[in-house]
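Participant: Quick check, what structure comes out for this input:
(4 chains)
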2 protein chains.
Amino acid sequence: MATIKDVAKLAGVSISTASYALNNSPKVSGKTKKKILEAARHLNYQKNGLASDLKRSSTRTIALIVTDLAGPFYAELVKGVQDVTLSKGYDLLACSSAGGEASTAIKFLTEKRVDGAIVLAHNIAAETIELSARPAFPVVVLDRKVDSDHVVSIEVDNEQGSYQAAGRLIDLGHREIAYIGGRAMGEVHGKRLDGYARALREHGLDAERRLHQSGHFDRDNGYRLTKMVIAQGHLPTAVMYANDEMAIGGIAAFKEQRIGVPEQVSVVGFDDIELAQYVRPALSTVLQPKYERGALAAHLIFQLLEGQEVERHYQFPTQFVSRDSVRALT
Amino acid sequence: MATIKDVAKLAGVSISTASYALNNSPKVSGKTKKKILEAARHLNYQKNGLASDLKRSSTRTIALIVTDLAGPFYAELVKGVQDVTLSKGYDLLACSSAGGEASTAIKFLTEKRVDGAIVLAHNIAAETIELSARPAFPVVVLDRKVDSDHVVSIEVDNEQGSYQAAGRLIDLGHREIAYIGGRAMGEVHGKRLDGYARALREHGLDAERRLHQSGHFDRDNGYRLTKMVIAQGHLPTAVMYANDEMAIGGIAAFKEQRIGVPEQVSVVGFDDIELAQYVRPALSTVLQPKYERGALAAHLIFQLLEGQEVERHYQFPTQFVSRDSVRALT
DNA sequence: CTGTTAGCGCTTTCAA
DNA sequence: TTGAAAGCGCTAACAG
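Facilitator: Model prediction:
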């Protein structure tokens, strides 16, 4: 494979001149430049980006780390990140943290392959993140909190969102409200549960006995846990799920058992994923700003890169979205 | 930021020894290794991956190039790619070709930053791809054809899929079948249109006058074009859309005008995206294998990397999926 | 305007 | 088992 050396030789100039020409520097005369570009084309020269980044010690690239490239992640959030990143003339790459500490994500987090990272994954140890972040390598974490000088956290008020959703159900007359979630919850799901519990407690309702938590936070598990609840006989009047994926699995389970949603049981999710408005009945859920969080995350990366002082912690409010999966008890 | 040099100095060994220790080579004694690792930890040493890749001239990373990181792209397909890539011990990164020849994708396609690329985007010139592909840099393109020695194409039989779908509608008694698609179609959409036209032609039906093509292949445009068709007064009995996104937009338009799907008009999409089974009515569409294509793409990259001879062109069959958006005319 | 040269940080012979 | 040294391909002073 041709290198800049070959190009220089073929063009009959020095390496540095070739480099200048290839980078379109005004230092080199039009004639020489043409000669060099021609040589490059002739040799099908391809610059080695690694070498150039190494020399420049800058990559102009930001990494977006997600749990799984094969989704589901929030398109809107990614759009926010993307828009800001591109407008700054930086490149964006996405990689997955599947595999935890042995994943691709770690490679990008700890090996100076990018200039900053936005982490949208919970399976990367806070310690890893703390050790990676530096003034020259800012990292922004979404939906979790990491305490370190060079990492900033962007969260959503999960407790409040859940509290409001539960409050809404109670206002509608619901008294038996179950909560279905996964196991091994991180901060996010912990807060959601807290909000639910607080709302019930404040109304003198029993929360403890209505919790169902195990397995993953996915559709399948929502389905399974719901089947379990159904099998136990006494149905609550409403079920809150830890997220929309689980809720959608839950609706499928109810449907299968010919239990009407919302006629016999109301369902609410959390996240407001795209699917939420398409499932039948359309899912009532808790909306969290997505584009805004993504855009902010990227903004912060650049502010930190420029050495500005920024808040270390941000929290976005949530909003209850009322659709068809909830009904008032009269 | 500490480099390997600093680590070596602090540990009182040479750079090469430090390198060996850091790479866990058996060449270095346990005692020295411990000393070095301790020094590294103490300095919070982070390897420079660029330098190491440059030296090794290998990145063990594959790039997946998509049109837009903010989707919609096929999670299943990505999963296929991901599974194979990881099982080979390679890393996978995703980047977007938004911006065409000035995009991040180009950086990864032409600057030796990765060992191979899988292209799932149509806005990158075939020439760019041809110039990048080499024995040491295989590229696999999906849903398009690029003729070059080191790029292999994986396609889906779009013509056949569309032909079958149209045939099915005809079998069900439909005689007035419109086709709604976007503008500036690449090979993919061209073939889909061809299949539709062939089916109609073979049955002596008029296709030409029932085409509606302009704008993008997205939901919004499907909605707009459908409104247009409705406004023209005479409704066809069935509408085939170039893809599911457009079909979903179309269903929304019909719903808005209180035109029953499938009572008054049958609707068929193409792709079988996840949403297809969730919209109401559930969308009849043409399924194309996703996971398999992704997995094959990744497999081929590795075979090429190993210098094996492989077919330069693959074509997957499609399958009509019958759901609720189509009805028989009796 | 062009060339010489010193590295960027790392790996890997080769010698000791 | 360890160290010295060459060099991956490129950029950017600096000198001419």
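
Participant: Near chain B, which residues of the stretch 201-330 of chain A are found?
Facilitator: For the stretch 201-330 of chain A, the contact set with chain B under Cβ under 8 Å from any Cβ of the partner chain comprises A:Glu274, A:Leu275, A:Tyr278, A:Val279, A:Arg280. Backbone N, C-alpha and C define where each C-beta goes, glycine included.

Participant: what's the neighbour count on the fourth one?
Facilitator: The one in question is A:Val279. 24 (other Cβ atoms under 10 Å in any protein chain shown).

Participant: who touches A:Tyr20 in this structure?
Facilitator: For A:Tyr20, the contacting residues are A:Lys27, A:Val28, taking Cβ atoms under 8 Å, 6 or more residues apart in numbering or on different chains as the criterion.

Participant: Could you see whether DNA strand D lies near the host helix or strand of it?
Facilitator: Remark: A:Tyr20 resides in helix A:15-22, with elements defined by DSSP states H and E. Yes - contact between helix A:15-22 and DNA strand D, assessed by Cβ under 7 Å from any atom of the strand, occurs at A:Ile15, A:Ser16, A:Ser19, A:Tyr20, A:Leu22.

Participant: May I have the phi/psi pair for A:Glu130?
Facilitator: phi -60, psi -40 (degrees, to the nearest 10).

Participant: I should have written A:Val151 there, sorry.
Facilitator: phi -120, psi 140.

Participant: Let me know how buried it is, in neighbour terms.
Facilitator: By the criterion of other Cβ under 10 Å, A:Val151 has 24 neighbours.

Participant: same thing with A:Ser52?
Facilitator: When neighbours are counted by other Cβ under 10 Å, A:Ser52 registers 18.

Participant: quick one on the thing from earlier: which of the residues of the stretch 201-330 of chain A next to chain B count as buried?
Facilitator: Among those, those buried by neighbour count (16 or more other Cβ atoms under 10 Å in any protein chain shown) are A:Glu274, A:Leu275, A:Tyr278, A:Val279.

Participant: Read off the pLDDT value for the first one.
Facilitator: I take that to be A:Glu274. According to the predicted model, the pLDDT of A:Glu274 comes to 86.

Participant: does any bit of the helix holding A:Tyr20 sit next to DNA strand C?
Facilitator: Yes - interface with DNA strand C: helix A:15-22 contributes A:Ile15, A:Ser16, A:Thr17, A:Tyr20 (Cβ under 7 Å from any atom of the strand).

Participant: Would you mind putting the CA coordinates of that helix into CSV?
Facilitator: Presented in CSV, the C-alpha positions along helix A:15-22 are these (Å, rounded to 0.1, in the frame of the first residue of the first chain):
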residue,chain,number,x,y,z
ILE,A,15,7.8,14.1,2.0
SER,A,16,6.9,17.3,3.8
THR,A,17,6.0,19.0,0.5
ALA,A,18,3.8,16.0,-0.3
SER,A,19,2.2,16.3,3.1
TYR,A,20,1.5,20.0,2.7
ALA,A,21,0.0,19.4,-0.8
LEU,A,22,-2.1,16.5,0.4
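
Participant: Report the buried residues of it.
Facilitator: Within helix A:15-22, the residues that qualify as buried are A:Thr17, A:Ala18, A:Ser19, A:Tyr20, A:Ala21, A:Leu22, counting by 16+ other Cβ under 10 Å.

Participant: what do you get for stretch A:236-255?
Facilitator: The neighbour-count check on stretch A:236-255 (16+ other Cβ under 10 Å) flags A:236-254 as buried.

Participant: now do stretch A:91-99
Facilitator: For stretch A:91-99, the buried set under the neighbour-count rule, 16+ other Cβ under 10 Å, comprises A:Asp91, A:Leu92, A:Leu93, A:Ala94, A:Cys95, A:Ser96, A:Ser97, A:Ala98.
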